[in-house]
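>>> requesting a structural model of the entry that follows:
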Amino acid sequence: MRHKRYLAGAPLLAAVLLTGCTSGGDDAAGGDDGKSGAFATSPAKTAEPGRYDTLLEPCTAVDQGTLDSLLPGIEELPDEQREKAYAGTSAITFDTDRRAGCRWSSQSADSAYRLHVDFERAVSYDDAESDDELAARLFLAKQVAADLPEPVTDEGSDEEADEGPQEPSGDGTAEGGSTGASGKPSATRSPGSAEGGDPEQDKPTGSPSSAPPEGLEPRVLDDLADEAFLDDVLGSAESAARQRVVTVVFRTSNVLVTVEYTAQPASVKETPDSKELQDRARVLAGKLAEQFTE
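Coordinates of the predicted model:
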């Protein structure tokens, strides 16, 4: 019976809608503001959807050859362990079309390596903001949180040289030291470093510096996807073994991709090499970016 009453009322509803539309049209023709009529609405902006409506499966997005280069020692594992190591461990998420990730690791007598890949698809529910715009805003938040040091240009170095010695800044920054976006000395980005302490105390035996070499500092990457940056953080010299974490984050349309690559030598006298880890992480990031654009 309820179903029959609904059908019987359908013509009445259609008549009301038709009357409302007709009435709105007459008022508009009469020079009204165009908002007359019970069902008239102002046009709303509809933001463009992002390019991607799904995500790659992260545990299969990294091929075996790439894992061999990123995780030394994985090839020497017993068959069953090696197969499990190659497969990786999927991150637990509620919707794999919105967020997905995978982790791999390898360990030997000399060192341990870990790899984490994370995919995040931005979906905007705001008609005034597109999926790409939301993804760009999320990317910017990650970049700000990374607190990348200010890039040093040759022009800036020449100007400082012409000006001669400068007075120490009021915030305690060492003379000639570079600062990050938040005004902190870049050396403090190394976990465990004592503020204002002796830099030599932050160096393990055999390590030239706690910071990456010149040219390998955390920085924006101009040759990867729509936008990207790289971070490089060395663990505290006081830890039993010093690990280095290299992170590459990039955005392609409405998808954010994070590659986090960690190396930790067994000996405290050794420090993971920045260039080697950065090169490996960037190669993987490039391969993932290509898969999204295919």
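>>> every contact and neighbour count from this point should use C-alpha atoms.
Fine.
>>> for Gly286, give me its contacts.
Going by C-alpha atoms under 8 Å, 6 or more residues apart in numbering, Gly286 touches Leu224.
>>> for the one 4 residues further on, same thing?
Not one residue lies near Glu290 by C-alpha under 8 Å, 6+ apart.
>>> what strand or helix carries it?
Using DSSP states H and E, Glu290 falls within helix 274-293.
>>> now that helix: buried residues?
By 16 or more other C-alpha atoms under 10 Å, the buried positions in helix 274-293 come out as 274, 277-278, 281-282, 284-285, 288-289.
>>> per-residue confidence averaged over it?
Helix 274-293 carries an average pLDDT of 95.
>>> please apply the same query to stretch 145-152.
Mean predicted confidence for stretch 145-152 is 83.
>>> pull the CA atoms of it into PDB?
In PDB, the C-alpha atoms belonging to stretch 145-152 read as follows (Å, rounded to 0.1, in the frame of the first residue of the first chain):
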ATOM      1  CA  ALA A 145      57.000  19.900   8.600                       C
ATOM      2  CA  ALA A 146      60.200  18.600   7.100                       C
ATOM      3  CA  ASP A 147      61.700  22.100   7.800                       C
ATOM      4  CA  LEU A 148      64.100  22.000   4.900                       C
ATOM      5  CA  PRO A 149      67.100  24.400   5.200                       C
ATOM      6  CA  GLU A 150      67.200  27.500   3.100                       C
ATOM      7  CA  PRO A 151      69.000  26.800  -0.200                       C
ATOM      8  CA  VAL A 152      72.400  28.400  -0.400                       C
END
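>>> tell me which residues in it are buried?
Those would be 146-151, for stretch 145-152 by 16+ other C-alpha under 10 Å.
>>> what does stretch 51-63 give?
Buried-residue list, stretch 51-63, by 16+ other C-alpha under 10 Å: 52, 55-56, 58-59, 62.
>>> let me have the residues you listed in CSV, extended by pLDDT and secondary structure.
Listed next are these as CSV, based on pLDDT from 0 to 100; DSSP: H, G, I helix; E, B strand; the rest coil:
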residue, pLDDT, secondary structure
Tyr52, 94, coil
Leu55, 94, coil
Leu56, 93, coil
Pro58, 95, helix
Cys59, 96, helix
Val62, 95, coil
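>>> now render those as TSV, adding distance to Pro212.
Formatted as TSV, the buried residues of stretch 51-63 follow (distance: C-alpha to C-alpha, whole Å):
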residue	distance to Pro212
Tyr52	35
Leu55	33
Leu56	32
Pro58	29
Cys59	30
Val62	26
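>>> quick check on Leu140: phi, psi?
The phi and psi values for Leu140, taken as degrees, to the nearest 10, are phi -60, psi -40.
>>> any idea of the pLDDT on it?
Leu140 is given a pLDDT of 96.
>>> near it, how many other residues are there?
15 (other C-alpha atoms under 10 Å).
>>> for Glu120, see how far away it is.
14 Å (C-alpha to C-alpha, to the nearest Å).
>>> let me see the domain layout of this protein.
Following automatic domain parsing, one finds the domains of the chain at 1-38, 58-149+179-293.
>>> of the ones you listed, which shows the lowest average pLDDT?
domain 1-38 (a mean of 41).
>>> show me where this structure has helices.
Ranges of helices within the chain are 2-29, 58-61, 64-70, 79-87, 131-146, 154-163, 274-293, based on DSSP state H.
>>> touching the third one from outside, list them.
Pointing back at helix 64-70 there. Against helix 64-70 from outside (C-alpha under 8 Å, 6+ apart): 74-75, 86, 113, 115, 280, 284.
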